[in-house]
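All I have is the shape, not the residue letters:
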């Protein structure tokens, strides 16, 4: 009898260690979870388009070349995920995280949001689409642990 | 022979007159377009949950009650739209606009973004999912005028 | 410019006047709403199978003949609905109402539940799938009034 | 040549040993079946929301936190199931079981119901959506044995 | 308030007057039903391919040209139908009727079969996919009358 | 690098050895193909409903109990198939085979029909939905051999 | 009783009068058909991106801006079409026509191709996805006339 | 923890070594990629229909028999692909490549185009549907290497 391996996509903030804390936490508990994510190396991600496909004078098209390639990875991974965890940190616009949440929601994926309570009001539409709102990565681990029990 | 009426959902910023400029512009050209939108009265929208369903002590649940009701309107309207115009202004988090864009993208809707070039970099993933990026509402009107020609 | 007519399916309890109160309430407000529902004449609904298709000795098959015909109406109407209101009263099993809610949920329909707080705990899974939980039919009318504003 | 492993979701009553009898019965026959189910520890399931995400004063939101997390598991498992067995016992509201049946039906899953004949009439809509109605867990085992022959 | 017009596709036997009896019956009752059907002129239907697209020496390809054009009509109409009535008469292979039933079933359409009891056994798989099995066209009319009540 | 195993559903006639000739033919060529099929033991298939779920006086319901259980297997297997081979022999009504073809067609499955040229005209709608029409099982093997080359 | 208006998308060649001949032909027969099409003014179509959204130095991005806007129209119209007629003429690459055909095919639309026999071999994959291959626009009119009879 | 194996369909030109360069390139980097493709032996592909199913006098039907069989392979493989690479060379009509791109686009697959800049203008609609446009097969390898990093 094969055990289901849960597929979890980790979306959002790349400036704190929340991904590591979730991955390490599930590993410590021996949970059957696979994690996917966008490329989180900021420079590699921003420059991938021009690095591979050739330079652009206009930053709009430089970004387009990168976002095109990056969306191959993110859209494929979100479509294959059982759960999409969306993290919002205190800084930056993070519109790609909210975009991922909307994309996942329309696909009927289970969403877990992860953010501080200061962000509750601007995130109320995203939280409404979520099955749970966590404050700490360890709560995400606990949810996964419960789901796989 | 019946003429198709194009259905355009207007998502995002509620603090400038971009909706009116698009609606008036298409009306002046006599285009067969219907517009839909979230409730744009900020207070009515924020308080609709507790106004109708009863008060909440915790703002998280106050917001949830409102966002639940509001999502009936927005999800229904986006599903019925041919085109989703997503406007980002200079202020606020505007994660609901990015969420709408992701939701529309997963449904295969045609997206038009509307924002200044300062926001190009943080919106690169949203713009990648769009068919056109406009700087002025009048450009949206011109696109609609061309599409309906 | 055509105005959208919202399509609302009313599921559940047939022993109180909640349907009438919602229909009359929206009519009084002049809202552009169409309502659909299962056949709410209890005897006509239970006996429709044998009445049209011939008698059955075994009640299991008598019920099957009826539920087959009734499901043509309910499944068609739920698929066409924008909003599904599901009412649970104090009596009876009402499993068909919960079935309708699950069916609507998998189709991505917006659900509004309507029941007293005594039923909150056994209905927690159904309420979780809903965008709003009302206690009075007039609250449903208020939500519709807000959504169509 | 790989043999298909059938995926069976077991929904409903948690107060009798019907799950064990089905699981043991298929094991005894050596059938290639995987079973999934909601968390059937009643207290763990009811309290999971507040246990992980923090306490709530209002039971409605306490239940919501739990049902949100539980629905991640149930919706994922039902979507992956080939067959959904829905058990109704003599006690309790069991609206979540009927909700699961409706959810599974809209997804085109094969449903098998399991209940005594006293419940036939109130379950006529659910049974209509089912491929078979069993009275004993052993009949479910026999069906699985036949299907995998 | 607009009334729903039910869309009913009539599939199968072209050698008896069952279509007329259903259409006239619903007209007599003033029901809001639209009927669609394949072209029921046998010769026109068989020869449409070569009549329009040019002759073929091989009957296999003559039939292919016809069935290609006919399937534009039948597949479009079945996709738009709420209800598909499938009639089997005492003669001929009628595999196109069974094909239509399978096609409709996979699309989640409500199917009503119409045939004598002598055909029950060979039609058991088709009847299983149906919501009702009628013996007389007038029973189909009664079902429609009930559904639209 | 994993090699794709093609999944082929074999539908239709149970009175000749066409299934064995296809299965043996692909085995002889070492092709990576898995075959599925309805239960082809005629008596076991016809009586499975009453054997497991209890006897019925009326043959219509006896057949319904069987066809319900059998459809769990056939619908699941067709949904998982890459290719559906549909065989029509010289005898019997074989409406279940045509039903399977229609079901497969609506799901976008690749269909291969297998029948003698005498049946070409009554099968013209089914053949139109097919990617190839074979006369001998060995031609199906050759197609599979080509597809997996 | 409302009559269905068939929606026909006309894709491909813009250098001959085939669209006019189909449109005039159906008008002469009084058929209930609505036609849609890409913008067929070659210069307007090519330059729409830079005309509305601002100039580009690189022709690749000039074309992208145009094709983005044009795809809003073509993808929306193909999704709403019942039938997609795809015309290939003797000149030019016409890859957009073949792209439209593939797009329509994956959506399950009925395709009619229109081209001379010299193009049969390079169009064999496109013709295979079509329900009919015509040589003259008048044959398309005849097919529509038959389908709407 | 299982690693995702990316599935890449290689569509288009069969007269240069671009497939080999991509396959060898990913192999050299040890990437977890599986490649699929149409049968690229030109004669085998063109004659497969008549070779297996019997000769045809009319080349149109000879081609149809081949394209039917070939579409089993291509449609199945594209539906299973994560990424579809579409190559256009300097010669031939290559409408099947553009058809594949349209088919993949409607299914929401990530498309990468591969062609020289001379073809940019006639391929503008296809490139618009793509996530990246490459000039050299090695760029495709680099994108895959980045995506799987």
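Here it is on my side, so go on. Predicted model, so just to flag it, every value in this text is computed and none were measured. Residues are numbered from 1 along each chain as shown, chains lettered A, B, ... in the order given.

any idea how far residue A:27 lies from chain H?
According to C-beta to the nearest C-beta, to the nearest Å, residue A:27 and chain H sit 9 Å apart. In this view, the C-beta of every residue, glycine as well, is placed from N, C-alpha and C.

in what helix or strand does that residue lie?
helix A:18-28 (DSSP states H and E).

Outside of whatever helix or strand comes next after that helix itself, list whatever touches it.
Note on helix A:18-28: by DSSP H and E, the next helix or strand toward the C-terminus is strand A:33-37. Strand A:33-37 is contacted from outside by A:5-11, A:19, A:22-23, A:26, A:77, A:80-81, A:144, A:148, H:1-2, H:4, using C-beta atoms under 8 Å, 6 or more residues apart in numbering or on different chains.

Recalculate using a threshold of 10 Å.
For strand A:33-37, the surrounding residues in contact (C-beta atoms under 10 Å, 6 or more residues apart in numbering or on different chains) are A:5-12, A:14, A:19, A:22-23, A:25-27, A:73-74, A:76-78, A:80-85, A:141, A:144-145, A:147-148, H:1-4.

same thing with stretch A:38-51?
Identification of contacts with stretch A:38-51 by C-beta under 10 Å, 6+ apart yields A:9-15, A:19, A:55-56, A:59, A:61-71, A:73-74, A:77-78, A:96-97, A:100, B:121, B:124-125, H:132, H:142-143, H:146-147, H:149.

report the angle between the axes of the longest strand seen in chain A and helix A:18-28?
Ranked by residue count under DSSP state E, the longest strand found in chain A is strand A:6-12. Strand A:6-12 runs at 160 degrees relative to helix A:18-28, counting by axes from the mean of the first three to the mean of the last three C-alpha atoms, to 10 degrees.

ok, strand A:6-12 near chain F or not?
No. Looking at strand A:6-12 against chain F by C-beta under 10 Å from any C-beta of the partner chain, there are no contacts, and the closest approach is 17.8 Å.

For that strand, the averaged confidence score.
The average pLDDT for strand A:6-12 rounds to 98.

The helix holding residue A:27 versus strand A:33-37: what angle between them?
Computed by the same axes, to 10 degrees, the angle separating helix A:18-28 from strand A:33-37 equals 170 degrees.

quick one: contacts of helix A:18-28?
Residues from elsewhere that reach helix A:18-28, judged by C-beta under 10 Å, 6+ apart: A:6, A:8, A:10-13, A:17, A:31-35, A:37, A:40, A:85, A:87, A:89, A:114, A:134, A:136-142, A:144-145, A:148, H:1.

Sitting in helices, which of the contacts of stretch A:38-51 do you find?
A:19, A:59, A:61-71, A:73-74, A:77-78, A:96-97, A:100, B:124-125, H:142-143, H:146-147 (DSSP state H).

among those residues, which ones are buried?
The neighbour-count test (16 or more other C-beta atoms under 10 Å in any protein chain shown) marks A:19, A:61-71, A:73-74, A:77-78, A:96-97, A:100, B:124-125, H:142-143, H:146-147 as buried among the ones in helices among the contacts of stretch A:38-51.

Could you give the residue of chain A that lies closest to chain C?
As assessed by C-beta to the nearest C-beta, chain C sits closest to residue A:108 within chain A, at 7.2 Å.

Hmm, residue A:110 is touching residue D:77, no?
No. Using C-beta atoms under 10 Å, residue A:110 is not in contact with residue D:77; the gap is 11.2 Å.

got any residues that touch both of these two?
With C-beta under 10 Å, 6+ apart as the test, residue A:110 and residue D:77 both reach A:82, A:147.

mind showing which ranges of chain A have poor pLDDT?
Applying pLDDT under 70 to chain A picks out residues A:1-2.

Could you check how far whichever residue of chain A sits closest to chain E is from residue H:129?
Relative to chain E, the nearest point of chain A is residue A:108 (17.1 Å; C-beta to the nearest C-beta). Distance check for residue A:108 against residue H:129: by C-beta to C-beta, to the nearest Å, it reads 24 Å.

In the helix holding residue A:27, which residues are buried?
For helix A:18-28, using 16+ other C-beta under 10 Å, the buried residues are A:18-19, A:22-23, A:25-26.

Any chance you could note which residues of chain A sit beside chain H?
Proximity of chain A to chain H, by C-beta under 10 Å from any C-beta, involves residues A:5, A:7, A:27, A:32-36, A:39, A:41, A:44-45, A:48-49, A:51-54, A:65-73, A:75-77, A:79-80.
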